[in-house]
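Chemist: any chance you can model this:
(one chain, ligands or ions: 1)
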Amino acid sequence: MRILVTGAAGFLGSHLSDRLLADGHTVVGMDNLLTGSLDNIAHLRANERFQFVRHDVTNPIELPGTLEGVFHFASPASPIDYLKLPIQTLKVGSLGTHKTLGLAKAKGARMLLASTSEVYGDPLVHPQPETYWGNVNPIGPRGVYDEAKRFAEAMTMAYHRHHGVDTRIVRIFNTYGPRMRASDGRVVSNFIVQALRGEPLTVYGEGLQTRSFCYVDDLVEGIVRLFHKGKADPVNIGNPVEFTVRELADIVRRQIGSKSQIVFEPLPEDDPKQRRPDITRAETELGWKPAVKLEEGLQRTIDYFRRALAA
Ligand code: UDP
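Modeler: Below you'll find the model as predicted:
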């Protein structure tokens, strides 16, 4: 297949591109490099089945030739990014999704939308099944991301129902791995980088909020399965093993052998108190569940950051 990946120079987009190329597909990687980096796809430049196009997908996309698949992964995705880039975040989720769906419709391509556990907001149902409608503050600081993705889901379903486009929606839960940026701001990268630098680990609030962390290779496997065998209804992909942020800090310190202190900083506004995917749908429809344990995935990520920080 010839497949377009938007956000191809980002953390997930680059891993997804690697996987699609390894599966024998041809990949057009698109990115405006707002939060992505060419370093993430430097190893693909020599691959003749990979083409990079620098483009902002909130503008019309003109792509000559046939296209069988679209993966819409372009978006700021870290809380510090979407707080800094609120309008771009809203635009890429709304206008960008509209443009990629329009392209998929014109080309007769299947379209997979990268959505997020943030559609559940600060959830009142735990763990979160796909049938839960969420608890989102539309005008809070995270609203720009949460509502953009909720709009993107609505737009994707409208193109599916109204135009008959073959669509998929993946709701991605916290994911980590190599190629996260040292300054990404996410908890896993922050803790690893802080511990490696011998700096204090910044725990927000009391650290009693929970998250479940999925290793990037597991996530990509789930997404590829969803693309090939799934249906239009959203599917949660994430790791259902839940940790408090405080527990994560201890695990990272232990694994690095770090003596870093823990410092407590204010909890960001609307920070979800708990989050864990119900992955029954992914298990039954896709035969998918994560295989990489936290310690193993963390080790690979720590090894990556050791090299990245030394470079
Ligand atoms: N967090 C933290 N210290 C950090 C970064 C994040 O305690 O240096 C917390 C954050 O408040 C949240 C959780 O870790 O409760 C996960 O944050 P992240 O930004 O990784 O993703 P989120 O799930 O909030 O989108």
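Chemist: only C-alpha atoms from now on, for both contacts and neighbour counts.
Modeler: Noted.
Chemist: tell me where this protein has strands.
Modeler: Under the criterion DSSP state E, the chain carries strands at the ranges 2-6, 26-31, 50-54, 69-72, 110-116, 167-172, 175-176, 201-204, 210-212, 214-215, 235-237, 242-244, 262-265.
Chemist: ok, and which of the ones you listed has the densest surroundings?
Modeler: Burial of the strands of the chain is given as mean neighbour count (mean count of other CA atoms under 10 Å); strand 235-237 ranks first at a mean of 29.
Chemist: helices or strands next to it in the packing?
Modeler: strand 167-172, helix 216-229, helix 280-286 (3 or more CA pairs under 8 Å, 6 or more residues apart in numbering; DSSP states H and E).
Chemist: run the chain-centre distance for the least confident helix or strand in the chain by mean pLDDT.
Modeler: Least confident helix or strand, the chain: helix 79-84 with a mean of 93, by mean pLDDT, DSSP states H and E. Using CA atoms, centre = their mean, to the nearest Å, the mean C-alpha position of helix 79-84 is found 14 Å from that of the whole chain.
Chemist: which residues does that helix contact?
Modeler: Identification of contacts with helix 79-84 by CA atoms under 8 Å, 6 or more residues apart in numbering yields T35, P76, T89, P141, R142, V144, Y145, D184, G185, R186.
Chemist: ok, stretch 117-133 near the ligand or not?
Modeler: No. Applying CA under 6 Å from any ligand atom, one finds stretch 117-133 separated from the ligand by no less than 7.2 Å.
Chemist: quick one: buried residues of that stretch?
Modeler: Within stretch 117-133, the residues scored as buried using 16 or more other CA atoms under 10 Å are S117, E118, V119, Y120, G121, D122, P123, L124, Q128, P129, E130.
Chemist: quick one: average confidence on it?
Modeler: Per-residue pLDDT values over stretch 117-133 give a mean of 97.
Chemist: can you give me the end-to-end distance of that stretch?
Modeler: Stretch 117-133 stretches 11 Å from its first residue to its last (CA to CA, to the nearest Å).
Chemist: before we move on, the earlier item: for the helices and strands packed on strand 235-237, which one ends up most surrounded?
Modeler: Stretch with highest mean neighbour count among the helices and strands packed on strand 235-237: strand 167-172 (a mean of 25; mean count of other CA under 10 Å).
Chemist: please state the offset of that strand from the chain centre?
Modeler: Remark: strand 167-172 is offset 11 Å from the chain centroid, using CA atoms, centre = their mean.
Chemist: who are the packing partners of that strand?
Modeler: strand 110-116, helix 143-163, helix 216-229, strand 235-237.
Chemist: I am finished for the moment; much appreciated.
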